[in-house]
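Colleague: pasting a predicted model and its sequence here:
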Amino acid sequence: MKAPLLAVDGDSFAHRAYHALPKTFRRADGGPANALLGFSNMFLRLWQAERPRAVVIAWDTLSVPTYRHVELVSYQSGREFDDELLEQLDLLPGFIESWGVSCAKAPGYEADDFLGAAAAGEEAAGGSALVATSDRDAFQLASARTTILQPVRGQSAARIGPAEVRARYGVEPEQVPDFIALRGDPSDKIPGARGIGEKKAAELLRQYGSLEAMLEEGRFSAEADALRLYRRLATLDLAAPLPSLPDRVPDWKAAAAAARELGLGGLAGRFEEATTWT
């Protein structure tokens, strides 16, 4: 059986790494290195555990608003990032590409959109995908051929398939955008329907099947346009542009050289160890 494609939420992993490691980790030029180091270590663990046929790392473009930000002014409002994290987010895609690993980043798209496009493309080609992210919006991608790898502190990643989505939310993966529209999403500042929480949203979707069916029956008539907007915001764009993703093992020697150039000798050693993995 062919190995899966691994699609990684770069921003999600970089944020986790930045907040998990001390800011005392520095590069040779004195700049911050904790996100670079932590992300690289997470990547090495993931690759060793999963041995994918290829990897794509997905990124947000923070300097350009997406249609989501344009259509809902409050979308993701109030988010502020440390300058040292932003500096490393700028460096990470180029650093990773020096390993021979593909990155997906384009104005107007979020990292999640690339994850969705990668999973959909791999399934269409008859393959399977692993989507590594802490963002539960990606639960809509879970299928017989796509598994979500959700990081768990100090443990192996949780593997989320359709059964796990049903157990956590009480809905099918394809209902997740409708579920988010009804329940809302505090992290993205999507308001949701007035007075509807997680349990009620799931109950309504089991009853009606979809948000559109509810609206056609006259439910939430005063909020119909807003709820359709929220669903659109929560739906991943499977047409997001991706690089070519041929079967490829990372160039661990090149990765070690890039790490050493940054003054990250310990990381360079770990990349060199990876050359012995079979």
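Modeller: Structure received. Numbering: from 1, shown residues only.

Colleague: residues of the helix or strand containing K200 that come out buried?
Modeller: Remark: K200 resides in helix 198-208, with elements defined by DSSP states H and E. Of the residues in helix 198-208, those buried under the neighbour-count criterion (16 or more other Cβ atoms under 10 Å) are E198, A201, A202, L204, L205, Y208. Placement of C-beta: from N, CA and C, glycine included.

Colleague: who's in contact with the fifth one?
Modeller: In other words, L205. With contact taken as Cβ atoms under 8 Å, 6 or more residues apart in numbering, L205 is in contact with G170, V171, Q175, D178, F179, L182, L211.

Colleague: how does it look with 7 Å?
Modeller: For L205, the contacting residues are V171, Q175, D178, F179, by Cβ atoms under 7 Å, 6 or more residues apart in numbering.

Colleague: can I get those residues in TSV with pLDDT and distance to A118?
Modeller: Output for the contacts of L205, formatted as TSV (pLDDT from 0 to 100; distance: Cβ to Cβ, whole Å):
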residue	pLDDT	distance to A118
V171	97	23
Q175	98	22
D178	98	23
F179	98	23
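
Colleague: now, among these, which is nearest to G38?
Modeller: Nearest to G38 among the contacts of L205 is F179, at 31.5 Å by Cβ to Cβ.

Colleague: which strands or helices does the host helix or strand of the closest one pack on?
Modeller: In this structure, F179 is located in helix 176-183 according to DSSP H and E. With contacts taken as 3 or more Cβ pairs under 7 Å, 6 or more residues apart in numbering; DSSP states H and E, helix 176-183 sits against helix 198-208, helix 211-216, helix 224-234.

Colleague: want to throw those helices into JSON lines with distance to D247?
Modeller: Compiled in JSON lines, those are given as follows (distance: least, Cβ to Cβ, whole Å):
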{"stretch": "helix 198-208", "distance to D247": "39"}
{"stretch": "helix 211-216", "distance to D247": "39"}
{"stretch": "helix 224-234", "distance to D247": "33"}
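
Colleague: minimum distance to A124: which of those helices has it?
Modeller: Among the helices and strands packed on helix 176-183, the nearest to A124 by Cβ to Cβ is helix 224-234 (22.3 Å).

Colleague: which parts of the closest one are buried?
Modeller: The neighbour-count check on helix 224-234 (16+ other Cβ under 10 Å) flags A224, A226, L227, L229, Y230, R231, L233, A234 as buried.

Colleague: against A124, how distant is Q175?
Modeller: Here Q175 is placed at a distance of 21 Å from A124 (Cβ to Cβ, to the nearest Å).
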